[in-house]
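Asks: give me the fold of what follows.
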Amino acid sequence: MDAPSDDSSLYLSVYVLGALGFIFTVLQLQLIYIIFAYKDFRTNLTCIIIAIGSVTELAQNVSHFYSAICLFFDNPLIYQISKVFGALTVASFSSSISVNFVLGLNRLDVFKPSWITFNIKDAYLIVLLVLISVISVALFVLSCTPMLVFIFTKSNVSWMFHGELASPFMNLSFWINSVCLCGTLVCYVLIFYTIVTKRKLITTGSTKVASSEIKLLIGATLQFVLVLIVNIALKFQSSLPHLFIYVNLTLTCGAKPIIHLSVNKKLRKRYFKGLYSAFSSSNMTITRSGQLPYV
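Replies: Numbers count the residues shown, from 1 in each chain. Below you'll find the predicted structure:
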């Protein structure tokens with residue numbers, strides 16, 4: 001492949017990344033709004049964790065959109081400003097994987113096998129979320145220094161790490177993310193085991209509940225698989241097509257609304273009606289329900 005064709009492929013990849021980043025930014029904003037607008041969602045820890053995960057992915061989608069802006073305007077100042085968005089990406093990428101692990105622990109506490117006797121208390125998960133937030137802020141500050149810079153470069157038409165801590169950080173980040181992904185995988189395997197074994201004991205009248213939990217498992221598994229694929233792809237990105245890397249990364253950051261809207265009927269209805277109610281002159285009526293958000 002000659003150089004011009006390769007440049008064209010890179011430019012196309014970045015513009016696709018920017019377009020998808022903008023679309024998924026809108027979807028993520030709507031999902032976060034709906035979760036915090038309704039009391040039965042915002043008082044449920046599972047929904048709060050989903051919203052926090054959406055915030056981390058939202059930050060990455062904004063950076064994806066900014067990639068296209070850098071390429072379109074081709075201004076040195078815009079490239080320099082990308083350092084801030086790069087720092088935001090560095091802080092949010094690892095935290096999104098960690099939040100996904102916390103979500104796995106939260107679901108495991110509800111659907112754990114009978115031989116697991118201890119409870120994963122909400123307070124423990126909240127402490128983990130606070131710790132993740134503190135580390136994310138520290139990473140953002142560090143990424144704003146010359147020691148670790150993540151910037152969109154015109155010469156490579158991509159985001160690149162620079163600084164003396166770039167190589168150690170990338171290696172450490174890969175292995176920490178891999179540990180979180182493995183821990184999340186264990187959580188979902190145990191959840192799957194619990195659902196399979198309990199289905200044998202459930203009566204016909206409770207089949208509907210079991211079906212809703214299987215849908216939850218499918219949604220969580222799809223989300224986890226996407227995160228796992230992009231983490232592996234980033235490790236071997238030098239041997240993979242740019243378009244595959246960019247689209248896969250963007251889909252991973254934007255799939256959360258699509259997945260949860262697909263498995264959650266209540267969230268889906270409020271998602272499409274909530275914004276209209278918020279901008280209308282009438283007051284939005286919120287009905288409190290005793291049902292779990294995924295039932």
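Asks: show me where the stretch 101-250 of the chain has its strands.
Replies: 149-153, 158-162 (DSSP state E, counting those that start in this stretch).
Asks: highest average neighbour count across those?
Replies: strand 149-153 (a mean of 21; mean count of other Cβ atoms under 10 Å). Using the backbone N, CA and C atoms, a C-beta is placed for each residue, glycine as well.
Asks: any regions of the stretch 151-295 of the chain where pLDDT drops low?
Replies: Scanning the stretch 151-295 of the chain with the threshold set as pLDDT under 70 gives 199-217, 235, 237-238, 240-247, 274-295.
Asks: give me the element the residue lying closest to residue 254 once chain neighbours are set aside is part of.
Replies: Excluding the flanking residues, the one nearest residue 254 by Cβ to Cβ, 6 or more residues apart in numbering is residue 24, at 2.7 Å. If you go by DSSP states H and E, residue 24 is part of helix 3-37.
Asks: by contact count, what packs against the very next helix or strand once past that helix?
Replies: Following helix 3-37 in sequence order, the next helix or strand is helix 39-42 (DSSP H and E). Helices and strands touching helix 39-42, by 3 or more Cβ pairs under 8 Å, 6 or more residues apart in numbering; DSSP states H and E, are helix 3-37, helix 45-73.
Asks: mean pLDDT lowest for which of those?
Replies: Note on the helices and strands packed on helix 39-42: helix 3-37 shows the lowest mean pLDDT, a mean of 77.
Asks: need the phi and psi values for the closest residue to residue 219 other than its chain neighbours.
Replies: In space, and not counting its chain neighbours, residue 219 is closest to residue 263: 4.0 Å by Cβ to Cβ, 6+ apart. Dihedral pair for residue 263: phi -100, psi -10, per degrees, to the nearest 10.
Asks: hmm, residue 263 is touching residue 222, no?
Replies: No. Between residue 263 and residue 222 there is no contact under Cβ atoms under 8 Å: 9.2 Å.
Asks: and the gap between the one residue sitting closest to the centre of the chain and residue 120?
Replies: Residue closest to the average C-alpha location in the chain (Cα atoms, centre = their mean): residue 57, at 4.4 Å. Distance, residue 57 to residue 120, using Cβ to Cβ, to the nearest Å: 24 Å.
Asks: restrict stretch 26-43 to CA atoms and write it as CSV.
Replies: This file holds the C-alpha atoms of stretch 26-43, laid out as CSV (Å, rounded to 0.1, in the frame of the first residue of the first chain):
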residue,chain,number,x,y,z
VAL,A,26,-25.2,12.3,23.0
LEU,A,27,-26.4,8.8,23.9
GLN,A,28,-24.2,8.7,27.0
LEU,A,29,-25.5,12.1,28.1
GLN,A,30,-29.1,10.9,27.8
LEU,A,31,-28.4,7.8,29.8
ILE,A,32,-26.7,9.7,32.6
TYR,A,33,-29.6,12.2,32.7
ILE,A,34,-32.3,9.5,32.9
ILE,A,35,-30.5,7.7,35.7
PHE,A,36,-30.2,10.8,37.9
ALA,A,37,-33.6,12.2,36.9
TYR,A,38,-35.6,9.3,38.3
LYS,A,39,-35.4,8.6,42.1
ASP,A,40,-35.8,4.8,41.8
PHE,A,41,-32.7,4.8,39.5
ARG,A,42,-30.5,7.2,41.3
THR,A,43,-31.1,5.5,44.7
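Asks: who's in contact with the closest residue to residue 68 other than its chain neighbours?
Replies: Distances taken as Cβ to Cβ, 6+ apart place residue 18 nearest to residue 68, at 2.3 Å, with adjacent residues excluded. By Cβ atoms under 8 Å, 6 or more residues apart in numbering, the residues touching residue 18 are 64, 65, 66, 67, 68, 69, 71.
Asks: much appreciated, bye for now.
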